[in-house]
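In: please work out how this folds:
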Amino acid sequence: MRIAFVLMSAIALFACESARQSSDFEVGMSREQLVETFGEPHERKTLVKSDASIWGPIETFWSKVPLGSRVEIWSYRVDGGSAELYFVDGATRVQGTGFAADGVIY
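Out: Residues are numbered from 1 along each chain as shown. Next up, the predicted model:
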């Protein structure tokens, strides 16, 4: 009985996460709001802008980032891929977003 409950809870959690849409995430959302609403991101990484161009979901936002800036990227699983949220130079609020479709290689 206990195993069935744990299994059903895991399935429900996965279903809720995969039902998220990239449109659930918006510029201006605070880090605290994101964690309270969606939990911790499934991945965090940091890039330093040292070149004018880049490939990937961030490419449309990249031109707005000053040279030498650090961009922290939070990724959340959404329906069809991952939503990327960009924080420049320690910002407390999302400054840009991107979408990485499942199966796409950059």
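In: in the chain, where is pLDDT below threshold?
Out: 1-18 (pLDDT under 70).
In: strands along that one, start to end?
Out: Secondary structure of the chain (DSSP state E): strands located at 43-48, 70-78, 81-88, 96-101.
In: got the contact list for the spatially most central residue of the chain?
Out: Closest to where the C-alpha atoms of the chain average out (CA atoms, centre = their mean) is S75, at 2.5 Å. Residues counted as contacts of S75 (CB atoms under 8 Å, 6 or more residues apart in numbering) are P41, H42, E43, R44, K45, S82, A83, E84, L85, A100. C-beta: built from backbone N, CA, C; applies to glycine.
In: turn those residues into TSV, columns for neighbour count and distance to S22.
Out: Below are the contacts of S75 laid out as TSV (neighbours: other CB atoms under 10 Å; distance: CB to CB, whole Å):
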residue	neighbour count	distance to S22
P41	19	13
H42	12	14
E43	12	15
R44	12	17
K45	11	18
S82	20	8
A83	23	4
E84	25	9
L85	24	10
A100	18	9
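In: which one of those sits closest to T60?
Out: E84 (11.0 Å; CB to CB).
In: do you know how far the closest one is from V94?
Out: According to CB to CB, to the nearest Å, E84 stands 10 Å off from V94.
In: same question for P41.
Out: Applying CB to CB to P41 and V94 gives a distance of 11 Å.
In: list the residues that contact both of the two?
Out: Joint contacts of P41 and V94 (CB under 8 Å, 6+ apart) are L34, L85.
In: in stretch 85-99, which residues are buried?
Out: L85, Y86, F87, V88, V94, Q95, G96, T97, G98, F99 (16 or more other CB atoms under 10 Å).
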